[in-house]
Each structure stands twice: as C-alpha cells, then as structure tokens.
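Trainee: The sequence and its predicted three-dimensional model are supplied below.
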Amino acid sequence: MGANPRERRDGALGRDDIEWAYREYHHSVLRRATQMLGSEPSAREVVQEVFVSLIRDPAQFRGASSLATWLYSATTHLCLHRIRDHHNRARLLAEHVAPTQARAAPARVEDQAAARQLLARLPEKLARVAVYAYFDGLTHDEIADILGCSRRNVGKLLARVAELSGAAEPEAAE
Amino acid sequence: MMMTTGRSLECLSDLRIDRMLAGDLDVDADGRAREHVAGCSACAARVAAFEAARAAVPPDVERELEALRRLAAAPAAPAARPTWRRRWLWPPLGVALAVGVAGLVVAVRSPAPDSTRIKGAARLGFFVKHGDAVRRGVAGEQVKPGDLVRFVVSTPRAAHLAIVSLDARAAASVYFPPPGAADGVAAGTDVELPRATLLDDILGPETVAAFFCERSVDLGALLGALRARPDSTPPGCTVDRLDWVKVSAR
C-alpha cells in the first residue's frame, strides 16, 4: 500500500501514492459525483476519469494543497463539465435523475434538478464555488484553498452566486 | 431557489471528514476534528456513514487499479466523440431503465437457438431492447441509437473475455469488461453479461468481436492492434465476431 503523500509534500506523485489515493478517496469521489450528477453510473465514470487522468499525468497534482483537496477540485470540474453538456444534461434529468430520485427521495427531486440547472447556467468559477459551499458545505477557508484565492474573494463569489440564484449565502466559518 | 447544506457552522465539512478518515490531517487538525465529532451527534452520524461507505469498498482494489492503468495506457478517445455516446448501465439505475434491463434479463433466459453458429465453439450473442420490445440479435441486425444491447456468451470453458468493436468510423472501443470490473466468464450457454449497454449515435456498420482468452487481455494493446489490423487475434485467444448496422432512430 502506498504512503500518504501529505507526509512528503514534494508534489511528485508516484504509483504508490496514486494507489493510496484510490484506496482512501475513490469512495468520496464517487459520493460527491453521485450527489452532483444524481446518477451513480455517471458518477462511476467520473471516478474513472479522475483517476485515469491522475495516472496519465501525475504532475497535475503539484502538492500545493492536500491530495484530497485536489481530488475535490478535479471531481467538481468533471461533474460540472457533464452538467453543462446539453445532451448529457437532458439525459440525466429526463432518464436517470428524475426516476431514481423519485423513488429514493421524492421531496428533494425538484431542488436537486433545479440546483443542477442553476449550475449549468452559472459561469465556471461561480458554479465551482456554489458546489463547494452548497453541495459540500466547505468553509470559506477550504474553498479558498481549493480555488487558490483569498477567503475574501470566496465571500464575493458566493454573494454573486446568491444574487444570481436567490440563495441565502452561508455565513463564513473558521 | 434556496440552497443550503443543512448543517451548523461548527460542523465538519465532508472534505474534513474525508481527510480525517484517510489520516490526511495534521495532528492538531485531526485532534480538533475528532473532538468535535465526539460532541456532535450529527457529525458522528456522518462519520459513521462515511466509514460504512469505506468499509463497503470491494476488496479487489488491485484489480480495479490495474484496469485504470490499462485505460490510462490506452490512447485517448477522439475529442469529437461525446462522453455519453456509449454508457455502461450499472445495476442501481433509475426505475425506468431498471425495468428495461429486467426485461432483457427475462428474454435472455429463454433464448431462441442460433443455428448459424458452430456448436461447441465459444460464441457471442446479443439481445436488443428497442422501446418496450426485446429481440434476439442476428447477423446484420439493424439497431438504433438509444437501443439497449445485452450480450450473452457461450463457452465450453471458463475464460477471460474482452468484447470490443470497430464502428463505422473505424473507432475501436470496449464493451466488456466495464471499467474496473472483472473480465472472467463462466462456462455455459448464453451466459448473460452483467450490464446492458446504451448504444451511441454513430450510424453505420459496426463489427463486434468477443475474445475468449486464457488470461486477461491488455485492452489498450488489443484496441491498438485492432485499429492496425481489424482481424487480428491475440495469442491464447479465440474470437467470435458479429455485425450490426446502426440506422437513424427517425
């Protein structure tokens, strides 16, 4: 089993590091992707894409943040890409999301579908910050770490999201 | 539309819990996180749920990783091909699709005999679900984008299986095994493969080849060989091919 790359912090991921990351985090990538896409089959494809991408190009992870943080970012990027894809979005909503959610959690179907539609409309950076704040419940510090910006900027971005969506901006924590 | 995470500001984020469980927090942060969990029933429940998900991970991580490495070694698909064009349908799908796949299973268990194949040889068959109708596919079958296809194989002995295709644009792709899944099939007649496939929108003839092998096949190498020479067969494998023609759904 690979070592935790946090202990090295040299930014160079080896085969063992990626194996460690897969063991420790592939379930959380699947969980988040399922939450965002509302479709486990699509989420499994995202898990595959995230780790195949990391195996192909380990240098994508530069060690500036934790590997978990990087995986959150990569997962968010791929899920938003799928949500933005017009054909895929239509399929997810019409064929997968609605029937699945209708059985699993009928009360949340409209909210989740509306959230995905909003994410598809928002500019990339606003969509990402919305995911981190509202899907993941990350603190402003954690979001700033992922986005590589200041906590103050996170607040501004969330205010803009709230303005465009009518959402209540979560208060800053930590 | 209101969006909210539904948890208090003091509670741990999912990222913090993921990192805590992975042993990825420094000592101080880990201590603070665990202290919070000890006094917060909501976070304790989330931690328990995350731990349960981790415990449910299939034990054969090595095999999954090897499958990912093979995919990573394979040439990337052309960018022009939409990512949704061919989708593996995993078991926990939505109600509508689950019903559809169940219909395929019923059909597969009472197949019509296929007299065009050599008895005793490893062979590939398939069923097509178009709308509510399920039929057994034959050579030259006309299929349409959005149809569900479920493969069945017959083999006198257990084998490692790879099902790949060359479509009308000479693009090679994999039908079986799905990413991260085992490639073994048991001996038997019309053994149904575990997942149905939603056909993409690339029209024209498509050749599907099933390779029954003594050991696992390197899918990346196999696809590369097929692109160079469509009739190639890896050592230690037997092959059965079939063709269908994908026509417009309109």
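Mentor: Nice, I can see it.

Trainee: Which helix in chain A has the most residues?
Mentor: Longest helix in chain A, counting residues (DSSP state H): helix A:15-37.

Trainee: List the buried residues of it.
Mentor: By neighbour count on 16 or more other Cβ atoms under 10 Å in any protein chain shown, the buried set for helix A:15-37 is A:17-37. The C-beta positions use only the backbone N, C-alpha and C, and glycine is treated the same way.

Trainee: now do stretch A:45-64
Mentor: Counting neighbours by 16+ other Cβ under 10 Å, one finds that the buried residues in stretch A:45-64 are A:45-52, A:54-55, A:61.

Trainee: Of all pairs in these, which one is the farthest apart?
Mentor: Farthest pair in these (Cβ to Cβ) is A:E45 and A:F61. Separation: 20.8 Å.

Trainee: Give me the phi and psi angles of B:D243.
Mentor: phi -130, psi 140 (degrees, to the nearest 10).

Trainee: wait, isn't it in contact with B:Q142?
Mentor: No - using Cβ atoms under 8 Å, B:D243 is not in contact with B:Q142, being 10.9 Å away.

Trainee: tell me the secondary structure for the residue lying closest to B:F176 once chain neighbours are set aside?
Mentor: Counting by Cβ to Cβ, 6 or more residues apart in numbering or on different chains, B:I163 is the residue found nearest to B:F176 once chain neighbours are left out, at 4.0 Å. On the three-state scheme (DSSP: H, G, I helix; E, B strand; the rest coil), B:I163 is labelled strand.

Trainee: number of nearby residues for B:I163?
Mentor: Counted with other Cβ atoms under 10 Å in any protein chain shown, residues neighbouring B:I163 total 21.

Trainee: what packs against the longest helix of chain A?
Mentor: Packing partners of helix A:15-37 (3 or more Cβ pairs under 8 Å, 6 or more residues apart in numbering or on different chains; DSSP states H and E): helix A:40-56, helix A:67-84, helix A:109-121, helix B:14-21, helix B:41-55, helix B:61-73.

Trainee: Run a quick neighbour tally on B:P179.
Mentor: Using other Cβ under 10 Å, B:P179 is surrounded by 19 other residues.

Trainee: How much space separates it from B:R195?
Mentor: Separation of B:P179 from B:R195 (Cβ to Cβ, to the nearest Å): 11 Å.

Trainee: Am I right that B:V149 is in a strand?
Mentor: Yes - assessed by three-state DSSP, B:V149 belongs to a strand.

Trainee: so how far is the helix or strand hosting B:V174 off the chain centroid?
Mentor: Element membership for B:V174, per DSSP states H and E: strand B:172-176. Centroid separation between strand B:172-176 and its chain, computed with Cα atoms, centre = their mean, to the nearest Å, is 10 Å.

Trainee: separation between the residue most central in space within chain B and A:I18?
Mentor: Centroid-nearest residue in chain B, with Cα atoms, centre = their mean: B:P178, separated by 2.8 Å. With the distance defined as Cβ to Cβ, B:P178 ends up 21 Å from A:I18.

Trainee: got it, and B:A196?
Mentor: Noted for B:A196: a distance of 31 Å to A:I18, by Cβ to Cβ.

Trainee: quick one: low-confidence ranges for chain A?
Mentor: Counting by pLDDT under 70, the ranges of chain A that qualify are A:1-11, A:85-114, A:166-174.

Trainee: what's the residue most central in space within it in contact with, if anything?
Mentor: With distances taken as Cα atoms, centre = their mean, chain A has A:T76 as the residue nearest its mean C-alpha position (2.6 Å). A:T76 makes contact with A:32, A:36, A:128, A:131-132, according to Cβ atoms under 8 Å, 6 or more residues apart in numbering or on different chains.

Trainee: now stretch A:28-45, how far from the chain's geometric center?
Mentor: Worked out by Cα atoms, centre = their mean, stretch A:28-45 lies 10 Å from the chain centre.

Trainee: how about stretch A:55-65 against chain B, any contact?
Mentor: Yes - Stretch A:55-65 is in contact with chain B by Cβ under 8 Å from any Cβ of the partner chain, via A:55-56.

Trainee: measure B:V191 to B:A122 for me?
Mentor: If you measure B:V191 against B:A122 using Cβ to Cβ, the figure is 11 Å.

Trainee: what touches both of the two?
Mentor: Shared contacts of B:V191 and B:A122 (Cβ under 8 Å, 6+ apart): B:153-155.

Trainee: how about JSON lines for the residues you listed, with neighbour count, distance to B:A52 and pLDDT added?
Mentor: Supplementary listing: those in JSON lines, determined by neighbours: other Cβ atoms under 10 Å in any protein chain shown; distance: Cβ to Cβ, whole Å; pLDDT from 0 to 100:
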{"residue": "B:V153", "neighbour count": "25", "distance to B:A52": "35", "pLDDT": "89"}
{"residue": "B:S154", "neighbour count": "22", "distance to B:A52": "39", "pLDDT": "88"}
{"residue": "B:T155", "neighbour count": "22", "distance to B:A52": "38", "pLDDT": "88"}
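
Trainee: filter the residues you listed by proximity to chain A?
Mentor: Counting by Cβ under 8 Å from any Cβ, no member of these reaches chain A.

Trainee: How much space separates A:V154 from B:Y175?
Mentor: Distance from A:V154 to B:Y175, by Cβ to Cβ: 44 Å.

Trainee: right, I mislabeled it, should have said A:C79
Mentor: With distances taken as Cβ to Cβ, A:C79 is found 25 Å from B:Y175.

Trainee: the more surrounded of these two?
Mentor: Set side by side, A:C79 and B:Y175 show more neighbours around A:C79, with 28 against 22, by other Cβ under 10 Å.

Trainee: OK, contacts around the more buried one?
Mentor: A:C79 touches A:32-33, A:36-37, A:46, A:131, counting by Cβ under 8 Å, 6+ apart.
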